[in-house]
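Asker: Have a look at this fold, sequence not included:
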């Protein structure tokens with residue numbers, strides 16, 4: 001008839017085969033499927049199979065029956081990827097018809113009319129991609145068999161290296177596939193099934209394929225059965241899915257465990273990185289309502305240079321020449337922009353101009369910067385342990401970096417009280433330091449830094465904070481990500497001092513948008529503002545030959 005997979009929280013998964021078209025579920029002995037729990041009613045729900053498929057109905061329980069995290073009275077036809085919650089048990093039902101349309105659950109109480117249209121479109125709900133039912137079923141089944149066999153053979157996976165664990169798991173999976181060779185439908189790609197099960201058991205599951213695709217720059221797991229990717233600057237829905245929330249949690253654990261980080265109900269958020277440097281953020285229930293969510297910003301396999309950014313249209317050659325002079329002449333630079341605008345990428349590229357004979361200390365939440373200089377120390381913050389102790393913050397690391405004899409300090413991102421320590425470092429002999437900050441414009445950067453300095457807990461007057469900022473910061477490089485996915489440097493601005501209590505800014509280069517091209521990409525041009533930075537005259541006095549034509553001035557200092 002049909003088969004029910006059931007699992008209590010993150011415990012062992014069990015299998016129940018229904019021999020009749022009607023199956024009752026509850027904690028009472030008279031039920032076909034008995035789920036022992038105080039949260040399960042004596043007769044909690046009923047599963048019925050008919051010509052239209054398989055349906056589930058709640059029998060008036062206090063805690064309710066939930067499908068895909070929505071409470072239902074009846075629901076059907078059921079899809080194998082549908083997750084059913086009864087008390088503290090999770091269930092999946094196999095045996096649904098292939099390519100059956102997935103309905104929306106009927107709410108247990110009348111709901112207010114939804115303003116959302118059923119079809120997908122801009123700003124509207126995006127449907128979950130359908131997967132082949134048989135393929136999904138066999139992925140789940142073989143994965144369960146694999147875990148069961150590893151438990152029976154008492155494999156100590158914690159003592160194995162990654163390569164050894166993968167080899168032994170692959171060999172065991174091949175045995176299981178051979179045992180079920182006659183049962184697996186001929187229409188299922190055996191090689192793909194083998195790879196999917198193996199990756200979910202010891203790798204990153206369906207993410208392995210996405211991370212191997214060079215055209216994808218970001219992977220976003222909204223929930224187990226919905227994964228979005230960013231390709232060529234645009235978001236699109238992937239056809240890859242996980243088999244369950246538990247599979248997503250397992251992948252998160254594999255990523256963060258080698259880094260000494262943890263994620264659980266008491267600490268449901270974590271920042272981490274992959275071995276290649278890709279940035280990872282994970283958040284789990286109870287904060288993530290629809291299930292564990294995972295975001296991976298991929299690290300470029302090829303180290304980008306300014307030539308690549310010019311080719312991408314992110315900036316032009318005069319801007320690059322000016323930034324080269326700024327970095328080489330030890331000007332303090334803040335790279336600002338919104339999320340995903342390319343701040344860290346630009347910071348990495350700017351570091352190429354730092355002379356090889358200088359000592360650099362980098363400070364980050366999760367190490368992402370990839371600098372080439374030989375005299376480099378990379379520091380990474382640490383979250384608190386289970387007792388809530390032992391946390392090492394960015395601010396602690398910035399203060400410690402001052403004692404490490406750095407020529408330059410590079411802070412991955414200022415987002416709190418460390419801004420005060422960074423300003424003090426810039427003002428006390430560590431010229432040429434670099435950092436990033438979230439802001440929408442160069443003027444907004446200054447306001448944000450003021451607020452972040454106040455977060456340090458020092459009751460400084462605003463006038464003193466502004467004087468520190470005006471003295472410390474030389475250049476602000478503003479980046480933006482446009483709706484078409486293009487990332488461009490929109491402003492390069494000099495901090496020109498302070499007057500009447502207001503920090504003075506002077507744009508040196510700007511990007512002027514003129515419209516969009518035939519491909520929907522933003523069109524415009526980079527333009528100098530005709531202003532020569534004040535420090536260029538100082539550099540000219542010490543004998544440097546500087547080209548003023550990049551600012552629209554047709555002469556050079558001699």
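Answerer: Cool, the structure landed. All values derive from a computational prediction rather than experimental measurement.

Asker: What's the end-to-end length of stretch 281-294?
Answerer: Distance across stretch 281-294, first residue to last, is 6 Å (Cα to Cα, to the nearest Å).

Asker: Rounded mean pLDDT for that stretch, please.
Answerer: Mean per-residue pLDDT for stretch 281-294: 90.

Asker: what does stretch 32-40 give?
Answerer: 90.

Asker: ends of it, how far apart?
Answerer: In stretch 32-40, first residue to last residue: 14 Å (Cα to Cα).

Asker: Any buried residues in it, and which?
Answerer: Going by neighbour count (16 or more other Cβ atoms under 10 Å), the buried part of stretch 32-40 is 32-33, 35, 40. C-beta here means a position set from N, CA and C on the backbone, and glycine is covered the same way.

Asker: Name the nearest of those relative to residue 191.
Answerer: In terms of Cβ to Cβ, no member of those lies closer to residue 191 than residue 33, at 35.3 Å.

Asker: how about that closest one, phi and psi?
Answerer: Main-chain dihedrals, residue 33, degrees, to the nearest 10: phi -120, psi 110.

Asker: beta partners of it?
Answerer: Beta-bridge pairing for residue 33 (DSSP bridges): residue 25.

Asker: Let me have the buried residues of stretch 32-40 in JSON lines, extended by distance to residue 5.
Answerer: Putting the buried residues of stretch 32-40 into JSON lines (distance: Cβ to Cβ, whole Å) gives the following:
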{"residue": "32", "distance to residue 5": "15"}
{"residue": "33", "distance to residue 5": "11"}
{"residue": "35", "distance to residue 5": "13"}
{"residue": "40", "distance to residue 5": "17"}
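
Asker: Greatest separation within those residues: which pair is it?
Answerer: 32 and 40 (13.7 Å).

Asker: Overlap in contacts, the two.
Answerer: residue 25 (Cβ atoms under 8 Å, 6 or more residues apart in numbering).

Asker: looking at the chain, which helix or strand does the model trust least?
Answerer: One helix or strand of the chain scores below all others by mean pLDDT, DSSP states H and E: helix 133-152, with a mean of 71.

Asker: Quick check: what element follows it along the chain?
Answerer: Downstream of helix 133-152, the first helix or strand assigned by DSSP states H and E is helix 162-179.

Asker: Distance from stretch 7-27 to the middle of the chain?
Answerer: Stretch 7-27 has its C-alpha centroid displaced from the chain centroid by 35 Å (Cα atoms, centre = their mean, to the nearest Å).

Asker: in that stretch, what counts as buried?
Answerer: Residues 7, 13, 16, 18, 23-27 are the ones in stretch 7-27 that count as buried (16+ other Cβ under 10 Å).

Asker: what stretches of the stretch 451-558 of the chain score poorly on pLDDT?
Answerer: By pLDDT under 70, the weakly predicted segments of the stretch 451-558 of the chain are 553-558.

Asker: Let's see that with 50 instead.
Answerer: Where the stretch 451-558 of the chain drops to pLDDT under 50, the residues are 554-558.

Asker: Which parts of it are helices?
Answerer: For the stretch 451-558 of the chain, applying DSSP state H, counting those that start in this stretch gives helices covering 462-472, 535-541.

Asker: From the rest of the structure, what touches the longest one?
Answerer: Right, the one you point to is helix 462-472. Helix 462-472 has contacts (Cβ under 8 Å, 6+ apart) with 332, 422-424, 426-427, 446, 449-450, 453-454, 495, 497-498, 501-504.

Asker: Narrow those residues to those in strands?
Answerer: Those of the contacts of helix 462-472 mapping onto strands are 495, 497-498, 502-504, per DSSP state E.

Asker: how many other residues sit next to the closest residue to residue 65 other than its chain neighbours?
Answerer: The shortest distance from residue 65 to any residue other than its chain neighbours is 3.9 Å, reached at residue 58 (Cβ to Cβ, 6 or more residues apart in numbering). Residue 58 has 21 neighbours, counted by other Cβ atoms under 10 Å.

Asker: from what I can see residue 58 touches residue 47, true?
Answerer: No - Residue 58 is not in contact with residue 47 according to Cβ atoms under 8 Å; the separation is 11.2 Å.

Asker: where does the stretch 201-350 of the chain have low pLDDT?
Answerer: Along the stretch 201-350 of the chain, no part satisfies pLDDT under 50.
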